[in-house]
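**Student:** build me a model:
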Amino acid sequence: MDKVAEAWMIEEKLQNLLQTIPAGVKVVAVSKTQPVQVIRTAYDAGLRIFGENKVRELVAKHPLLPQDIEWHYIGHLQRNKVKQVVSVAAMIHSIDSFRLLKEVDKEAGKINRTVRCLLQFHIATEETKFGLDWEEAVNMLTSREYREMEFINLCGVMGMATFTDDQALVRKEFRHLRTLYQRLKSDFFPDDPGFSELSMGMSGDYRIAIEEGSTMVRVGTMLFGERE
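**Tutor:** Down below sits the predicted model:
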């Protein structure tokens, strides 16, 4: 496919997608495995937030693309890779343990940079997915160590529903995540307008997620097609 046709297709897919998304819901274009030229085409079509789930890809792509791109790290993050991510990512979606949050704060402090973070909760039936439970989150947020952190900014929560055709189950899981978000907001962030993001929904289930209150959807296949 030539570049003109590719650009037209991405722009058309983006416009079709945006027609289904209410104002105020952010689109994170999941650009994992996509080459730089495809991401640039999506950027030229109007996208500004891109999500990567591999540290190596994120670090490699960052210097080759416009600097006003807002990079989000959306994959499982190992602590030994945090140093590379905090210098590039505007937001980390996948804080799934207190140890990881502490590492982000430590490494961000070394470069005097505040990183926005989302707490990832485990809401799916699949045990392979990562995430906190309610008790773990409460223990974290009530700890002295958390109160002393200076270089992280918790902005909300993220979760991934079960990969299934059962829409009732997906809706139930998204509704559970919204309840967790509301409880955290009420109990720990009542006066913090920055704690406002409910990141849930991907290409296959983003419509349900939006109906259940999502403020941020992570969409790749709908924009770029199936990955090789």
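
**Student:** contacts, neighbours, all on C-alpha from now
**Tutor:** OK.

**Student:** residue 33: how many residues sit nearby?
**Tutor:** 12 (other Cα atoms under 10 Å).

**Student:** sec struct for the spatially most central residue of the chain, please.
**Tutor:** Note on the chain: the residue nearest the mean C-alpha position is residue 93, at 4.0 Å, using Cα atoms, centre = their mean. Under DSSP: H, G, I helix; E, B strand; the rest coil, the three-state class of residue 93 is strand.

**Student:** who are the contact partners of it?
**Tutor:** By Cα atoms under 8 Å, 6 or more residues apart in numbering, the contact list for residue 93 reads 72-75, 117-120, 157-158, 199.

**Student:** can you do 6 Å?
**Tutor:** Going by Cα atoms under 6 Å, 6 or more residues apart in numbering, residue 93 touches 74, 117-118.

**Student:** in a markdown table: these, plus secondary structure.
**Tutor:** A markdown table is the format used below for these (three-state DSSP):
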| residue | secondary structure |
| --- | --- |
| 74 | coil |
| 117 | strand |
| 118 | strand |
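
**Student:** closest to residue 24 among those?
**Tutor:** Nearest to residue 24 among the contacts of residue 93 is residue 118, at 17.9 Å by Cα to Cα.

**Student:** quick one: buried residues of the longest helix along the chain?
**Tutor:** In the chain, taking DSSP state H as the definition, the longest helix is helix 167-188. Within helix 167-188, the residues scored as buried using 16 or more other Cα atoms under 10 Å are 169-178, 180-182, 184-185.

**Student:** just stretch 203-223 next, same as before
**Tutor:** Residues of stretch 203-223 classed as buried: 205-206, 208-210, 212-220, 222-223 (neighbour count, 16+ other Cα under 10 Å).

**Student:** quick one: that stretch to chain centroid distance?
**Tutor:** Stretch 203-223 sits 11 Å away from the centroid of its parent chain (Cα atoms, centre = their mean, to the nearest Å).

**Student:** quick check: mean pLDDT across stretch 160-173?
**Tutor:** The average pLDDT within stretch 160-173 is 95.

**Student:** meant to ask about stretch 86-101, not that
**Tutor:** Average pLDDT, stretch 86-101: 97.

**Student:** can you check stretch 113-123 too?
**Tutor:** 97.

**Student:** before we move on, what about stretch 126-142?
**Tutor:** 91.

**Student:** the chain: helices as residue ranges?
**Tutor:** Using DSSP H, helices in the chain cover 3-18, 36-44, 55-61, 82-86, 98-110, 134-141, 144-147, 167-188, 206-211, 221-224.

**Student:** to residue 29, which of these lies closest?
**Tutor:** The nearest among the helices of the chain, by Cα to Cα, is helix 221-224 at 7.6 Å.

**Student:** can you list contacts of that closest one?
**Tutor:** Helix 221-224 is contacted from outside by 13, 203, using Cα under 6 Å, 6+ apart.

**Student:** hmm, try it at 7 Å
**Tutor:** Helix 221-224 has contacts (Cα atoms under 7 Å, 6 or more residues apart in numbering) with 10, 13-14, 203.
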